[in-house]
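model this:
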Amino acid sequence: MFRLPSVPGLSSDPPKLTFRNASNGLARLSRNTIPPDETSYWKQYWELFDSVEDVNTLITPQHIRTALQQCPENVRTLFTVLAAQFIRLVRSPTFPRPTSAGTFTLPALPLSPWSGNTTADDVRSVLNCARVIARVLPLIWEDDSDWTRWLWEEKDEEADSTPIDNEAQAQFVIEDEDEDEPDAEQTRVEVKGPTKKKSPSLMARFVNALIDSLFHTGFTLPADVDDGTVKTSYVIWASGVGSSSAPVAVAPIPAYRSTLLLTLLTAMSHPLYATPISLRQQPSPVLDHLSTLPRKTYLALLCSLLNTTLTPPPARYIGQVTRDEDLYPQRAAQSLLVFLCQEGDRPNVYQKAIAKLHREQDFAFMIDGVKNALDAEAAKGGLVNGVTKAVPVGRRGNGPGALEAWVLFWRIIDLNRKFTNYLLASPHLLAIVSNLFSTMATYKDSPPHFALLRTLCYLLQTLSSHRTFAVMLSSPLPHSTATRASDALVNAVYTLIAGTNGQHAGLYQPLLVTLGNVAPYVKGLSVQSASRLTALFQAFASPQFLLADEGNPRCVFWMLECFTHIIHHQFSDNPNLIYSILRANDRLHALATFTLPTALAEITRAKAAKEDHLRMTGALTPDQKRSGSPEQLVAQTAQTVEDETNEHSAHEEKERVRDREQTLAANAVGPDQEVASQSPVSGLSEKARGKLRARSPSVGSLASPAFAANASSILGYESASGFVATEEWVQSWVQGLPLDSILIAVSELLPKVQTFKTPSSAASFLASATLVGILPPAPPIISRRFQWTDRSEVWRASLLWGEVYVSSGPGQGPWAGTQIRLFGIKQAPLTRRDQAIANMTSAMGNMWSAVGGQSRRGSVPPQGRGAPGSPRGSRDGAITSENGRSVGNR
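Residues are numbered from 1 along each chain as shown. Here you go, the predicted model:
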């Protein structure tokens, strides 16, 4: 038998199904002005709904957007009414409503359909006010036509007749929006001093009540916290930072907090509707106001969010938790990160509070919490620190997402130096770093996680700037004593660069800077790590990549700097890398004499070889097909070089011996003859070697007959990106490459190493060799920490708010269907199930509207297609999805 799909949050109850199109329903907001005292209309916004899904399904962005365009005064009244009801209930000394016995009860979340009772309980009313405000605020931020000024406008206290904060008022009182000037007699009576005191703005009062509701006994705190005097107790929700014990929060308290935190997030989500260029110029009034809270209040809020984020949630069977409760730790983490990542020239009070933490037990709690959160995320994929672990079937205990956990970890490191020092000495650091490497390898080919990869790369650069971290990398990983952390780092960098076909070109800088930061302290690199490092170097040193963009030579600089530091500081502890560097001597020498003509000649030869292969075989190899962009060429070259390096066959050994014999024979040639294979430092004294890099390129090479026909291209080479490379530009960076120490080491060691027949015997020799007295003075060790800029802060805001947007669910969150300006959104097509739900909801709603219209015929004119009261830009009875497409019609 055919079964209709169930509609989330809806039942067959007529009031819900007719709410959109009924004459006294949502569509009325855009018709004509509704009096503020029409309680019968406004109260349905806090009595009708049972969940946030109800609100998001029944109140569509298009209806609110149309009301903002046609009757904005109705939206103002709606927000004022909801804020008034929310504040009145939260401030009431009897909230939550007592039972007949006079004791406070903690109502469960309403899970059954609305029964039609016109008197809703107080908890339900408070939650619905918060839910509807969360639905309306994003549309207000999207419109932003003087809404910010209206929400935060402060009025003279004497002239302000609002009863919102008066606990003795009737059940429903709203503020009069008309600012009529008082008459002269009234003015003389009320003005008793030279100045008038300003009353808090409507938004400030609502935000204050929202924060207080998060610490309300009997609602978001257990009832036994109440001492009988106050209903708001700033008690930290969970044990951890600032509290060694905390009240036990049983259901539905976590779900209530989650709903209120979602409303708080929407109130702070104004940056979503700012362009990246204007983000830093636009203030965040809600965040600024939250920084003015009393010290006890903001510390309780900060510690509650931090401890909730880092405390492992209890594992429950699926079906035992609601969606709000399931998202509670993640919403707490996101709210916390919004506080800690606020842009500005000065830190806010939350950032200052994190920076002042100093107790070791707090640091231990935070490190354990981050580690547990990361392990929980990894366990969802069955992998924890590289070890497969079984996940209990049917069990759920969601905490913060991987992105939130990593960003929080990074932010605490940035803010608190004492925490960083404690972390570097912690035994858990290796486990966290191992998790970091595993995450990078897992998500390297997953576009939805590219933002997470960028976060990890920047975090890795931040950690690598500390000497203690770099020294720690020589230790084995906790899950594999045979693998050093330094090898895992090299493999992770190589995989992201060479194993992704150029997808992560923007991450080359932090990855290579990380290698340079740790190079002076790394020991015992394996054969594979050594070959991969030199493979990356040869790929970055290819002319195709160097000439493609103005900033590309920096990649070669960082690789050479890494080699130089290892040669000077860890020479005998890295024989495998030294041997691999000696094998790359041809590329090193070519780089030392790099000119635009020689680079163009190599590019021409590569193109000719590609064309010859195509002409002979009629097809290109997969590697040749991929080598379109310079970044793809880097990946291809690095993989090819590594494959060739690992082929230690007898044929390769014979070729190496033959090259050595040719080199020795070339040394007998006269000084006036040019030999291509001769090392540029062979036969020179130490004093002459120091002057080698100051020599100018050969003029004869520029006048070579091979380039006579292409003289115009020598003056400038234009890459596919439009960058024009000139000889002057080439020499400007070639002369600054840190090649001297490397070339001297090659000239000293290469002839000796060529006498060995196997790589292992050569590595054994290099482990006991020394270059003391031969190398020039070691360059200074410069640790490059990641530096925040205006551009990177905009990226961080986009990252954070993008995660908030995505985690709210596809088409389900309060921001769905709004015009986000901070980043682009690609809408996925509706699934067949979503299409069926939309069509069924529309059909049932229209059916009940028609029945209601017939019963009311003669008293209230029904709204027909194209009637004056219809929402502009929509058709009567249609459901508009979040991407603006009409999916259900009458």
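
Looks like residue 299 contacts residue 353 (just checking).
Yes. In this structure residue 299 lies within contact range of residue 353 using CB atoms under 8 Å: 6.3 Å. Any C-beta I mention is one placed from the backbone N, CA and C, and that applies to glycine too.

Of those two, which one has the most company?
Between residue 299 and residue 353, counted using other CB atoms under 10 Å, the more crowded position is residue 353 (21 against 18).

how about the helix or strand encompassing residue 368: buried residues?
If you go by DSSP states H and E, residue 368 is part of helix 360-380. Taking 16 or more other CB atoms under 10 Å as the basis for neighbour counts, the residues of helix 360-380 that come out buried are 362-363, 365-371, 373-379.

Pick out the most distant pair among those residues.
When those are compared pair by pair using CB to CB, the farthest-apart members prove to be 362 and 379, with a separation of 25.7 Å.

Point out where the stretch 751-890 of the chain drops to low pLDDT.
Counting by pLDDT under 70, the stretch 751-890 of the chain contains low-confidence ranges at 810-811, 827-890.

where does this protein have its least confident helix or strand?
When each helix and strand of the chain is scored by mean pLDDT, DSSP states H and E, strand 879-880 comes last, with a mean of 31.

All the strands of this structure, residue numbers only.
Counting by DSSP state E, residue ranges of the strands within the chain are 155-156, 198-199, 316-317, 383-384, 387-388, 395-396, 476-477, 480-484, 717-718, 724-725, 879-880, 886-888.

which secondary structure elements does the second one contact?
Packed against strand 198-199 by the contact rule (3 or more CB pairs under 8 Å, 6 or more residues apart in numbering; DSSP states H and E) you find strand 155-156.

Residue 445: what's it in contact with?
Listed by CB atoms under 8 Å, 6 or more residues apart in numbering, the contact partners of residue 445 are 500, 503.

That one and residue 501, how far apart?
Computed as CB to CB, to the nearest Å, the residue 445 to residue 501 distance reads 9 Å.

same check, this time on residue 825
Spatial separation of residue 825 from residue 501 under the definition CB to CB is 26 Å.

go on, residue 409?
Using CB to CB, one gets 30 Å for the distance from residue 409 to residue 501.

higher neighbour count, those two?
For the pair residue 409 and residue 501, the greater number of neighbours falls to residue 409 (24 against 17), based on other CB under 10 Å.

Assess the claim that the more buried one and residue 368 are in contact.
No. In terms of CB under 8 Å, residue 409 does not count as a neighbour of residue 368; the distance is 11.9 Å.

Could you list the low-confidence segments of the stretch 551-700 of the chain?
618-700.

Next: the stretch 301-450 of the chain.
Checking the stretch 301-450 of the chain against pLDDT under 70 turns up 314-322, 381-399.

State the mean pLDDT of stretch 39-50.
For stretch 39-50, mean pLDDT rounds to 90.

no wait, stretch 463-481
The predicted confidence, averaged over stretch 463-481, sits at 91.

Same question for stretch 24-33.
On average, the pLDDT along stretch 24-33 is 88.

buried sites along it?
Of the residues in stretch 24-33, those buried by neighbour count under the rule 16+ other CB under 10 Å are 24-31.

Dump the residues you listed to JSON lines, plus distance to residue 803.
Below are these laid out as JSON lines (distance: CB to CB, whole Å):
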{"residue": "24", "distance to residue 803": "39"}
{"residue": "25", "distance to residue 803": "34"}
{"residue": "26", "distance to residue 803": "30"}
{"residue": "27", "distance to residue 803": "34"}
{"residue": "28", "distance to residue 803": "36"}
{"residue": "29", "distance to residue 803": "32"}
{"residue": "30", "distance to residue 803": "33"}
{"residue": "31", "distance to residue 803": "38"}
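
what distance separates the start and the end of stretch 342-358?
Its start and end residues considered, stretch 342-358 measures 22 Å (CA to CA, to the nearest Å).

what does it contact?
Counting by CB under 8 Å, 6+ apart, stretch 342-358 makes contact with 241, 279-280, 284, 287, 291, 293, 295, 298-299, 302, 339-340, 363, 411-412, 415-416, 418-419, 793-794, 797, all of which sit outside it.

try it again with 6 Å
Contacts with stretch 342-358, where a contact means CB atoms under 6 Å, 6 or more residues apart in numbering, come from 280, 287, 291, 298, 302, 339-340, 415-416, 418, 793.

Contact partners for residue 578?
Applying CB under 6 Å, 6+ apart, one finds that residue 578 lies in contact with residue 766.

swap the cut-off to 7 Å and go again
Residue 578 is in contact with 571, 766, counting by CB atoms under 7 Å, 6 or more residues apart in numbering.

same check, this time on residue 441
492, 495.

Distance of it relative to residue 518?
Spatial separation of residue 441 from residue 518 under the definition CB to CB is 19 Å.

And the closest residue to residue 518 other than its chain neighbours, how far from residue 523?
Ranked by CB to CB, 6 or more residues apart in numbering and with sequence neighbours excluded, the top spatial neighbour of residue 518 is residue 470, at 3.9 Å. Taking CB to CB as the measure, residue 470 and residue 523 are separated by 10 Å.

Settle it for me: which of these two has more neighbours?
Higher neighbour count among residue 470 and residue 523: residue 470, with 22 against 16, using other CB under 10 Å.

Would you mind giving me the ChimeraX syntax to select the buried ones in the contacts of stretch 342-358?
When burial is assessed using 16+ other CB under 10 Å, the buried subset of these is captured in ChimeraX by this command:
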select :280,287,291,298,302,339,340,415,416,793
